[in-house]
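Participant: Provided below are the primary sequence and the corresponding predicted coordinates.
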Amino acid sequence: MLGDFTYSNPTRLYFGQNALDNLRRELEPRGKTVLLVYGGGSIKRNGIYDQVVDIVSACGKQIVEDPGVMPNPTTDKLTQGCRLARESGADLILAVGGGSVCDYAKAVSVSAWCGENPWEKYFLRKEPVDNRILPVGCVLTMVGTGSEMNGGAVISNPETKRKIGRFFEDDAFPRFSILNPVFTYTVPKYQMVAGIYDIMSHILEQYFSGTDDNTSDYVMEGLLRSLIHSSQVALREPENYEARSNIMWIATWALNSLLSKGKATDWMVHMLGQSVGAHTDATHGMTLSAVTLPYYRFLLPYGLEKFKRFAVNVWQVSPHGKSDRAIALEGLARMEEYMHRLGLVMDLQTLGVTEDMLKSIAEGTFRRSGGYHPPEKAEILAILKESMHGR
Ligand code: NZQ
Ligand code: ZN
């Protein structure tokens, strides 16, 4: 049965090959100073920077640049960005990049005018935002996180080795996001497949939970099938617009908060992956792929019906003459084959994890209670050990 919920999503999306044409109308009413946030320079190499700057300048805005947002943005970078946002009197934060840049922009937006340490107040203590929030707009260049249409911001503290995601309320969602699938053509293959797997994981985190008949589960099966198809096309033909546009749209659906409404969700793969990320700075999607199968094999007996349904409805496993467990395991085996085909990292060692790090990674893994069997600390450690070498 659907639980009670409130649903709204304030982000206006512009999607398609000419989506950037809409930037001007979004900029016009939003003050004088634009804080232009971007990453390590890919947007300068592929020409997106020039396109954006031309439009912002043509609108007569003053541009203040905040470059160098790293994958897995850090608390130090956040502190620096908040200072720049305050001192420049930014009226709008324009994020041009992937999930890291969009997340960082949202973190600066809620933190710039926070009177205390925002890491402690908003990420550790998860208090409601009670200060001025700067509006954010995104031009997305890399697909995966769903950050373009949610209130999420994931920040890493390298000193304490904690990576924490905070989902803020509506007023911290991007006011607008511009999604041109062509902008993703230059994403390197490693990042592209990591992003694809991030999308898949977002869906699975919301799928493997609950035993009721829930519309979201049917929607998710459709999204997964479309993702599996389009991702394999994009792997062969990175400039296939149909595939890249489908993937981009699935990513947004997967985490724009619609799917989770009224249902239980798990998120333990992300909790494990984030702690791995906090200890290694590894690419987010790969931290998820490395722990997924050991975690789902652990979870399978507790959610057998759903794993069976997943095998049949998503991976087209024939159920005839097989036990429920055999069907469910065949589904995971097909998923494993697909993950290898994509070229995902399937073990923690490749990400730089060593045996002596496992205890600390387990300690840094936040325990969520929405799944079929929230793992105990010892079980978390066992899953991490199992993830070390792949198979
Ligand atoms: O830094 P630049 O030079 O821009 O290069 C980036 C970066 O190296 C590159 N890239 C992006 N667009 C490109 C491109 N290279 C060539 N052409 C383009 N068009 O790709 C690399 C990865 O970018 P990044 O933004 O780090 O990737 P992603 O979008 O996967 O974001 C990852 C971050 O998002 C968080 C993750 O934890 C991680 O910190 N997440 C955010 C979520 C949310 N807001 O809801 C949920 C997710 O589960 C996730 O945790
Ligand atoms: Zn993710």
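Facilitator: Good, I have the coordinates. Ligands and ions are numbered 1, 2, ... in the order given.
Participant: The longest helix along the chain near ligand 1 at all?
Facilitator: Of all segments of type helix in the chain, defined using DSSP state H, the longest is helix 215-236. No: with Cβ under 6 Å from any ligand atom as the measure, helix 215-236 is seen stopping short of ligand 1, the closest distance being 13.6 Å. In short, each C-beta sits where N, CA and C put it, glycine included.
Participant: That helix: what's the following helix or strand?
Facilitator: helix 241-254 (DSSP states H and E).
Participant: Now do the buried residues in that next one.
Facilitator: Within helix 241-254, the residues that qualify as buried are Ala243, Arg244, Ser245, Asn246, Ile247, Met248, Trp249, Ile250, Ala251, Thr252, Trp253, Ala254, counting by 16 or more other Cβ atoms under 10 Å.
Participant: how about the residue nearest to the fifth one when sequence neighbours are not counted, what does it touch?
Facilitator: Closest residue to Ile247 in three dimensions, ignoring its sequence neighbours and counting by Cβ to Cβ, 6 or more residues apart in numbering: Ser230, at 5.1 Å. When contacts are counted by Cβ atoms under 8 Å, 6 or more residues apart in numbering, Ser230 is found next to Glu242, Ala243, Arg244, Asn246, Ile247, Ile250.
Participant: do the same with Tyr372
Facilitator: Under the criterion of Cβ under 8 Å, 6+ apart, the contact list for Tyr372 reads Phe208, Ser209, Asp266, Leu299, Tyr302, Gly303, Lys306.
Participant: Residue numbers of this structure in contact with ligand 1?
Facilitator: Of all the residues in the chain, those lying near ligand 1 are 39-43, 46, 71-72, 97-101, 103, 141-142, 144-147, 150, 152, 154, 165, 183-184, 186-187, 191, 195, 198, 255, 270, 284, going by Cβ under 6 Å from any ligand atom.
Participant: Filter these down to the ones in strands?
Facilitator: By the criterion of DSSP state E, membership of the residues of the chain next to ligand 1 in strands covers Gly97, Gly152, Val154, Gly165.
Participant: Now which of those residues would you call buried?
Facilitator: Of the members of those, the ones counted as buried by neighbours, 16+ other Cβ under 10 Å, are Gly97, Gly152, Val154, Gly165.
Participant: Please, which helix or strand holds the residue nearest to Ala112 when sequence neighbours are not counted?
Facilitator: Setting aside the residues directly before and after it, Ala112 is nearest to Ala85 in space (Cβ to Cβ, 6+ apart), at 3.9 Å. Using DSSP H and E, Ala85 sits in helix 75-88.
Participant: How about Val37?
Facilitator: Judged by DSSP H and E, Val37 forms part of strand 33-38.
Participant: tell me the secondary structure for the residue of the chain most remote from its centre?
Facilitator: Ranking residues of the chain by C-alpha distance from their mean position (Cα atoms, centre = their mean) puts Gly321 at the top, at 38.7 Å. With DSSP: H, G, I helix; E, B strand; the rest coil as the basis, Gly321 sits in coil.
Participant: Please report how far it lies from Val314.
Facilitator: Here the criterion is Cβ to Cβ, to the nearest Å. By it, Gly321 lies 20 Å from Val314.
Participant: ditto for Ile380
Facilitator: For Ile380 relative to Val314 (Cβ to Cβ), the value is 26 Å.
Participant: Report the contact partners of Gly137.
Facilitator: 23, 26-27, 30, 92-95, 174-178.
Participant: If we use 6 Å, what do you get?
Facilitator: Neighbour list for Gly137: Glu26, Leu94, Pro174, Arg175, Phe176 [criterion: Cβ atoms under 6 Å, 6 or more residues apart in numbering].
Participant: One more: Leu35?
Facilitator: By Cβ under 6 Å, 6+ apart, the contact list for Leu35 reads Val64, Asp66, Ala85, Ala90, Ile93.
Participant: which residue packs closest to it, ignoring adjacent ones?
Facilitator: Taking Cβ to Cβ, 6+ apart, and ignoring the residues beside it in sequence, Leu35 has Ala90 as its nearest neighbour in space, at 3.9 Å.
Participant: Smallest gap between the stretch 151-300 of the chain and ligand 1, at which residue?
Facilitator: Across the stretch 151-300 of the chain, the shortest distance to ligand 1 (Cβ to the nearest ligand atom) belongs to Gly152, at 2.9 Å.
Participant: and the closest residue to that residue other than its chain neighbours, how many neighbours?
Facilitator: Counting by Cβ to Cβ, 6+ apart, the nearest residue to Gly152 once its immediate chain neighbours are dropped is Phe167, at 5.0 Å. Other residues near Phe167 come to 15 when the count uses other Cβ atoms under 10 Å.
Participant: okay, Phe167: pLDDT?
Facilitator: For Phe167, the model assigns a pLDDT of 97.
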